[in-house]
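**Student:** sharing a model prediction with you, sequence too.
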Amino acid sequence: MPVLHAWYKSSPSGGVHQLLGLSSNEIDKVLSFVKYILVQEIKEADKKKIMTVVKADYEERLGQLKELYKEELGKAEDKKSQKNVNTLYQENIDEIDKEFNRIKSVLSDLDLGSTILESDYRNIFYKFADSLTFQSGPEALLKMLQGINVQKEIKARIKQYTQIKSEDQKKKIISLIKLLINLHVSDIKPENMVIRKLPVIPPDLRPVVQLE
């Protein structure tokens with residue numbers, strides 16, 4: 001399994017988090033398999049297909065809840081019991097609506113390099129492996145870094161810089177451009193930040209350092 005050094009993970013002077021446009025916290029979550037990252041472009045047609053399935057599941061859950069509500073309401077013997085059933089029914093509807101809107105927002109924003117929760121991948125997106133390619137762990141970051149064309153990125157970021165008005169955003173873009181130029185001048189590929197072969201010295205050959 002590839003290994004990502006801490007220096008490259010969150011170095012203030014530039015690292016994987018800058019190249020991928022993710023925070024150090026997001027990088028940590030991908031490395032620890034808490035989040036998955038989309039490592040391949042997604043087509044709008046695939047988004048619509050997934051949304052259709054998600055909406056159908058949402059409507060099915062509402063239908064099941066309504067049937068359960070009718071059943072429980074029929075068992076209610078007084079107004080207080082009916083009120084409790086109505087309150088619980090509305091709370092469940094609100095919860096289902098909230099989750100549906102959250103997933104809809106996640107899907108709407110989904111693009112190359114987007115991250116999602118492991119639970120969302122397990123419960124929803126793994127079903128669409130033919131349309132979506134998610135990965136987690138250091139291999140996911142390696143895959144993303146391998147897809148970076150440094151020269152194209154430099155041109156794209158310079159163009160982006162000319163269109164930005166925020167001084168804070170300009171500073172971030174300048175820092176990223178400097179990192180990309182340094183990689184280009186040094187002929188270093190972004191994926192070289194990930195260690196794929198880590199040599200291990202046998203115990204007998206390791207230098208002995210006396211502790212004071």
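**Tutor:** Sure thing, it's come through.

**Student:** quick one: contacts of whichever strand or helix holds residue 180?
**Tutor:** Following DSSP states H and E, one finds residue 180 within helix 167-185. With contact meaning C-beta atoms under 8 Å, 6 or more residues apart in numbering, helix 167-185 is reached by 13-14, 18-19, 150-151, 153-154, 157-158, 160-161, 164, 188-190. C-beta: built from backbone N, CA, C; applies to glycine.

**Student:** quick one: buried residues of it?
**Tutor:** 172, 173, 176, 177, 179, 180, 183 (16 or more other C-beta atoms under 10 Å).

**Student:** same deal with stretch 38-52?
**Tutor:** So, applying 16+ other C-beta under 10 Å, buried residues of stretch 38-52: 38, 39, 42, 47, 50.

**Student:** which residues are contacting that stretch?
**Tutor:** Here stretch 38-52 has contacts from 104, 107-108, 110-116, 125, 128, 131-135, 140, 143-144, 147, using C-beta under 8 Å, 6+ apart.

**Student:** show me which of those are buried.
**Tutor:** With neighbours counted by 16+ other C-beta under 10 Å, the contacts of stretch 38-52 contain buried members at 107, 110, 114-116, 125, 128, 132-135, 140, 143-144.

**Student:** can you tell me which of those residues is nearest residue 1?
**Tutor:** residue 140 (11.2 Å; C-beta to C-beta).

**Student:** please state the offset of the host helix or strand of the closest one from the chain centre?
**Tutor:** Element membership of residue 140 [criterion: DSSP H and E] is helix 138-146. Taking C-alpha atoms, centre = their mean, to the nearest Å, the mean C-alpha location of helix 138-146 is offset from the chain mean by 13 Å.

**Student:** output the contacting helices and strands for the helix or strand of the chain with the lowest mean pLDDT.
**Tutor:** Using mean pLDDT, DSSP states H and E, helix 6-10 stands out as the lowest-scoring helix or strand of the chain, at a mean of 77. In terms of contacts (3 or more C-beta pairs under 8 Å, 6 or more residues apart in numbering; DSSP states H and E), helix 6-10 is packed against helix 16-20, helix 24-31.

**Student:** from those helices, which stretch is densest packed?
**Tutor:** helix 16-20 (a mean of 21; mean count of other C-beta atoms under 10 Å).

**Student:** how close does the residue lying closest to residue 164 once chain neighbours are set aside get to residue 53?
**Tutor:** Excluding its sequence neighbours, the residue lying closest to residue 164 (C-beta to C-beta, 6 or more residues apart in numbering) is residue 170, at 5.4 Å. Distance, residue 170 to residue 53, using C-beta to C-beta, to the nearest Å: 41 Å.

**Student:** and residue 143, by the same measure?
**Tutor:** 26 Å.
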